[in-house]
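Q: Got a sequence here, can you build the structure:
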Amino acid sequence: MKWRNGSLRRRLVIWLLVPLLVISSLMLLEVRSNAVRSTNQAFDRALLSSALAIADRVVLIGGQIEVDVPYVALEMLTSAAEDRVFYQVSTGQGAFITGYEDLPPVPEKLRPLREEPVFYDAVYNGENVRIGALSRYVASARKATRFQVLVAETMGTRLSLSEDIIASAAARQIALIAIAAVIVWFGIGQGLKPLTRLEEALNRRSPTDLRPILHDVPTEVRHLVGAINHLFQRLENSLKTMQRFTADAAHQLRTPLAALRTQAELGQREQDPQKIRQIVETIAASTRQTSHLANQLLASARAAPEGLAGRSFEKIDLCEITRAVTGSKVPVALERGIDLGYEGLTEPTFIKGDATLIEELLKNLVHNALCYCPDGSAVTVRLDREITAHDQHVVLTVEDNGPGIPVEHHKDVFKRFYRMNGTGQEEGCGLGLSIVKEIAIRHDTTIKLTQPDDHSGCVFSVRFEVLA
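A: Residues are numbered from 1 along each chain as shown. Presented below is the predicted three-dimensional model:
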């Protein structure tokens, strides 16, 4: 199992234990240093006492230094059976007087010896020893000279005591880490219980229950719950869009499909070629109408909030889209004897939106104009820029000089499946302008319907904010 996919509890415990182990190791190093220093200080006092006891028995007789080493001077160092004691007395010039002649001398960095004693570590006869060095004067009536005393002790007891101190500290650290790990392990379990309850509550929900989560959760996961609630809202919107699309498709396609079936069954029974031809033409017309209805239903689903497209908005060139869509409709306009043209901006004009939906909006406006205008009419697609003190906008307009729409119907024409009587158009399905309205809403704007000042017809306009 990869680390990032592992147990949260285990990961938190490891994140706690690793720093604790590092800190404990550093603390043990400090304990070791302090233990060695404290042990040396304690035992060095005994070395100094022995050296002073020996120095007190140094006398100058006839110009010669003589020493009577007392037993008690060495007895105080031999309390531990595993340790041994060595000593040496020499003149200030280094001439050997008594004791162990081959004891390691005082290191150069500690010379010359003064009144203060010095201590150093060395190796003697293959063993680590601690040596205390002391320098004093001895005098007689005619002469005074300096001598030095070295007292060495093997370090078994010192090392044993230091190791005991370190082992005791290590045991306490290990116990502390173990206790902390146990507390954190169970503490995290208690802290995660709200998430467990949240999981159980979600498992009890039905697949269609997309209500917001209102459970009390820790502060650290509130943003996560908020994101889940936002996702639930988007899923609910998408589900409603799909349900509406399914219901509309089932309702609107039932009649034309039944008509197609009826015509096909009539064609199977008919023997007259002329009537069969009429039936085939009727089927073809119904098929075109049904195909148009299906395309409009899909476009309506894409245009709805959180629709089937689900694409995020991006920077698009409205001028390029407008001119391209207008150009694509010219052949249809020529076929119907309508003058379709474009006026206005020619330079790139950028807005934030969905290019596919903007194309759908303009196609529906132009298609409506071409469908409801008689031969010889004119349809103009226009793109104009509006500049104010605070921002810039671009207005997309589709204007025609057809029969127009009565004012009392202006609000109703944007409703789904609304169709005016007496228009003479049977191929429409009443979705075009509702799709335009939904696309405009998705782009934080509105579709506006007015009448021209100097002639009949309709003017549809949509206003977009221009990107800098």
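Q: contacts and neighbour counts: CA atoms only from here.
A: Will do.
Q: what about stretch 176-193, distance to the chain center?
A: Its chain's C-alpha centre lies 26 Å from the corresponding centre of stretch 176-193 when counted by CA atoms, centre = their mean, to the nearest Å.
Q: Check which element follows the helix or strand bottoming out on mean pLDDT in the chain along the chain.
A: Scoring the helices and strands of the chain by mean pLDDT, DSSP states H and E places helix 71-75 at the bottom, with a mean of 63. Taking DSSP states H and E as the definition, the helix or strand that follows helix 71-75 towards the C-terminus is strand 85-91.
Q: any low-confidence regions in the stretch 201-350 of the chain?
A: Low-confidence segments of the stretch 201-350 of the chain (pLDDT under 70): 241, 243-256, 289-311.
Q: can we see that at 90?
A: Counting by pLDDT under 90, the stretch 201-350 of the chain has low-confidence residues at 201-314, 332, 335-336, 346.
Q: Strands of that one, start to end?
A: In the stretch 201-350 of the chain, the strands defined using DSSP state E, counting those that start in this stretch lie at 314-317, 339-344, 350-353.
Q: Save these as TSV, and put in distance to L370 and mean neighbour count too.
A: Listed next are these as TSV, based on distance: least, CA to CA, whole Å; neighbours: other CA atoms under 10 Å:
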stretch	distance to L370	mean neighbour count
strand 314-317	25	15
strand 339-344	9	16
strand 350-353	26	20
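Q: Export those as TSV, with columns for distance to N125.
A: What follows is the strands of the stretch 201-350 of the chain, written out as TSV (distance: least, CA to CA, whole Å):
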stretch	distance to N125
strand 314-317	86
strand 339-344	107
strand 350-353	90
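Q: With F464 as the reference, name the closest of those.
A: strand 350-353 (7.0 Å; CA to CA).
Q: Tell me the first helix or strand C-terminal of that closest one.
A: Sequence-wise, the next helix or strand downstream of strand 350-353 (DSSP H and E) is helix 355-372.
Q: Now the element after that next one, going C-ward?
A: Using DSSP H and E, the helix or strand that follows helix 355-372 in sequence is strand 378-387.
Q: Could you export that following strand as PDB, keeping only the C-alpha atoms?
A: Coordinates of each C-alpha in strand 378-387 appear next as PDB, following Å, rounded to 0.1, in the frame of the first residue of the first chain:
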ATOM      1  CA  ALA A 378     -33.900  41.000 -44.700                       C
ATOM      2  CA  VAL A 379     -32.200  39.700 -41.600                       C
ATOM      3  CA  THR A 380     -29.200  41.500 -40.200                       C
ATOM      4  CA  VAL A 381     -26.700  40.200 -37.600                       C
ATOM      5  CA  ARG A 382     -24.900  43.100 -35.900                       C
ATOM      6  CA  LEU A 383     -22.100  43.300 -33.300                       C
ATOM      7  CA  ASP A 384     -21.600  46.700 -31.700                       C
ATOM      8  CA  ARG A 385     -19.300  47.800 -28.800                       C
ATOM      9  CA  GLU A 386     -20.600  49.900 -25.900                       C
ATOM     10  CA  ILE A 387     -18.000  51.900 -23.800                       C
END
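Q: List of residues touching it?
A: By CA atoms under 8 Å, 6 or more residues apart in numbering, the list of residues contacting strand 378-387 from outside reads 319, 322, 326, 338-345, 366, 369-370, 392-402.
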